[in-house]
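K.L.:
Need coordinates for the below:
(one chain, ligands or ions: 1)
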Amino acid sequence: MCKYDDETLEPIPPILRPGEKEYILLAHDECTVSTNDHARRVWLKDNQQPLKTKGNGRGIHISDWICEPTGRLMLSQEQIAQQLQLLPEARLKAMDARKIIYPGKNHDAWWDLAQLMDQIKVAVDIFEYLHPEKVGVWLFDCSPAHEGLAVDALNVNNMNVNPGGKQRAMRDTVIPLTNPPPKPGQLDTRGMPQKLVYPDTHPDLQLRGKPKGMKAVLQERESVWQELSLQCRRKVVGKCKSCQKSQAKKDAERRVAAAEAMGQEDTLSDNDISQAEEVETAPESEWCCMYRVLSLQEDFVTEKPMIQHYIESSGHVCMFLPKFHCELNPIELLWGYPKYREFYFCFPSYSYHMYTNSRTIQVIAKHLTENSRLRKSWFHSVLICVRP
Ligand SMILES: [Zn+2]
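P.N.:
The predicted structure follows:
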């Protein structure tokens with residue numbers, strides 16, 4: 001990564017050895033503001049009452065990046081002019097990576113992983129145009145909305161015990177080498193490729209093209225099935241009571257987090273809240289049921305979120321901040337600035353106008369990033385956060 005001179009704040013490019021590339025940090029986050037956001041303090045004459053608009057008004061949802069060398073992730077006016085001279089099919093799909101939506105009833109759909117994925121594809125193209133031959137370090141908050149897996153990802157929650165039925169067809173995998181060794185005289189299945197869907201040529205017509213389900217997948221991992229049958233003592237069950245309870249708690253936690261992220265806490269049921277707050281009890285053993293054993297298999301554990309998978313397959317680095325520590329995200333400095341103007345300098349709807357005016361927000365982003373102000377203030381805020 002580029003360093004900056006402490007005295008002059010001039011950038012000092014890294015000295016790269018053959019085959020090495022420069023890394024550039026790009027911090028992402030989402031922010032929601034409303035048209036009726038207003039100041040917390042106002043100047044009033046004696047006996048005067050503040051006149052406040054009812055309700056929050058129209059909300060806008062912004063998803064954006066901040067990048068040290070260029071401020072926001074967008075093309076300059078000259079670069080846009082160059083792009084417009086190209087044939088439409090040779091141009092970038094967008095000149096600015098930011099995405100603003102107006103969600104709500106009769107308006108845009110609420111922000112979701114599919115929209116974020118589309119935005120990331122555009123953002124990666126813009127980054128590679130602006131910084132050819134450089135590697136982006138894409139930083140995200142650790143939120144359930146960012147951790148979604150691909151549709152065909154290895155996920156035990158999308159599996160039944162038996163073949164077919166309502167379950168997802170998953171990608172092919174390799175049986176982990178970390179599995180228990182085979183008993184003498186038995187086949188060593190470790191390292192063997194495994195399909196999680198029966199082939200269309202399977203002798204049993206009923207099984208052709210059907211997802212295998214947990215039982216068959218584990219039985220094909222012979223040493224694992226052996227160990228599970230041995231440890232279970234009784235009949236091997238699909239999902240034991242303890243795992244069912246733990247899953248219900250996780251589902252409730254996810255619903256609570258999603259409602260909180262969208263400011264819709266009042267839609268939550270009492271049951272969801274109490275389930276999410278329950279103390280988790282660990283199962284008696286790691287070999288309690290098919291569900292737990294398969295979910296602990298190395299290939300299932302290391303399955304990557306969809307956004308990480310896309311970014312890494314494009315040759316970049318994807319990082320998630322520690323859970324519940326979004327204050328470590330440098331883009332919060334950009335989000336915080338208009339709120340500060342709005343709340344403390346009494347500029348009503350300042351955030352709304354600022355985000356809908358691309359030039360203003362770019363000026364602030366440039367101000368934060370130029371001369372490494374972002375890095376200095378970010379490290380400062382990180383130091384405050386980690387100070388014991
Ligand atoms: Zn279990």
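K.L.:
Quick check: which element contains the residue nearest the centre of the chain?
P.N.:
By Cα atoms, centre = their mean, the chain has its centre lying nearest to His146, at 1.8 Å. Counting by DSSP states H and E, no helix or strand carries His146.
K.L.:
Would you agree it is in contact with Phe320?
P.N.:
Yes: using Cβ atoms under 8 Å, His146 is in contact with Phe320, at 7.0 Å. (Each C-beta comes from the backbone N, C-alpha and C, glycine too.)
K.L.:
Give the burial count for Val301, as a bare number.
P.N.:
Other residues lying near Val301 total 11 when counted by other Cβ atoms under 10 Å.
K.L.:
Help me confirm that it comes into contact with Ser295.
P.N.:
Yes: between Val301 and Ser295 there is a contact at 7.5 Å, judged by Cβ under 8 Å.
K.L.:
Now Val317, what are its backbone angles?
P.N.:
Val317 adopts backbone torsions of phi -110, psi 140, taken as degrees, to the nearest 10.
K.L.:
gap between it and Leu139?
P.N.:
Distance, Val317 to Leu139, using Cβ to Cβ, to the nearest Å: 9 Å.
K.L.:
what about the two, which has more around it?
P.N.:
When neighbours are counted by other Cβ under 10 Å, Val317 and Leu139 differ, and Leu139 comes out ahead with 21 against 16.
K.L.:
Check whether that one sits in a helix, strand or coil.
P.N.:
Assigned with DSSP: H, G, I helix; E, B strand; the rest coil, Leu139 falls in the strand class.
K.L.:
what do you get for the one 4 residues further on?
P.N.:
At Ser143, secondary structure determined by three-state DSSP is coil.
K.L.:
give me phi/psi at it?
P.N.:
When read as degrees, to the nearest 10, the backbone of Ser143 gives phi -120, psi 150.
K.L.:
re earlier: who touches both of His146 and Phe320?
P.N.:
When contacts are counted by Cβ atoms under 8 Å, 6 or more residues apart in numbering, His146 and Phe320 are jointly contacted by Phe140.
K.L.:
Give the closest residue to Pro305 in space, chain neighbours not counted.
P.N.:
Distances taken as Cβ to Cβ, 6 or more residues apart in numbering put Glu147 closest to Pro305, at 4.6 Å, once the chain neighbours are dropped.
K.L.:
okay, now that neighbour: neighbour count?
P.N.:
A total of 16 residues lie near Glu147 under the criterion other Cβ under 10 Å.
K.L.:
again, but for the one 10 residues further on
P.N.:
A count of nearby residues for Asn157, using other Cβ under 10 Å, gives 12.
K.L.:
can you tell me which residues contact it?
P.N.:
Residues near Asn157 by Cβ under 8 Å, 6+ apart: Gln247.
K.L.:
per-residue pLDDT, the residue nearest to Pro305?
P.N.:
Note for Glu147: predicted pLDDT of 80.
K.L.:
how much space is there between it and the ion?
P.N.:
Using Cβ to the ion, to the nearest Å, Glu147 is found at 22 Å from the ion.
K.L.:
Need the phi and psi values for Pro211.
P.N.:
phi -60, psi 140.
K.L.:
pretty sure it contacts Ala169?
P.N.:
Yes: using Cβ under 8 Å, Pro211 is in contact with Ala169, at 5.0 Å.
K.L.:
between those two, who's got more neighbours?
P.N.:
With neighbours defined as other Cβ under 10 Å, Pro211 and Ala169 compare such that Pro211 has more, 23 against 15.
K.L.:
Please name the bridge partners of the more buried one.
P.N.:
In this structure, Pro211 bridges to Val197 when assessed by DSSP bridges.
K.L.:
From Ser143, how far out is it?
P.N.:
29 Å.
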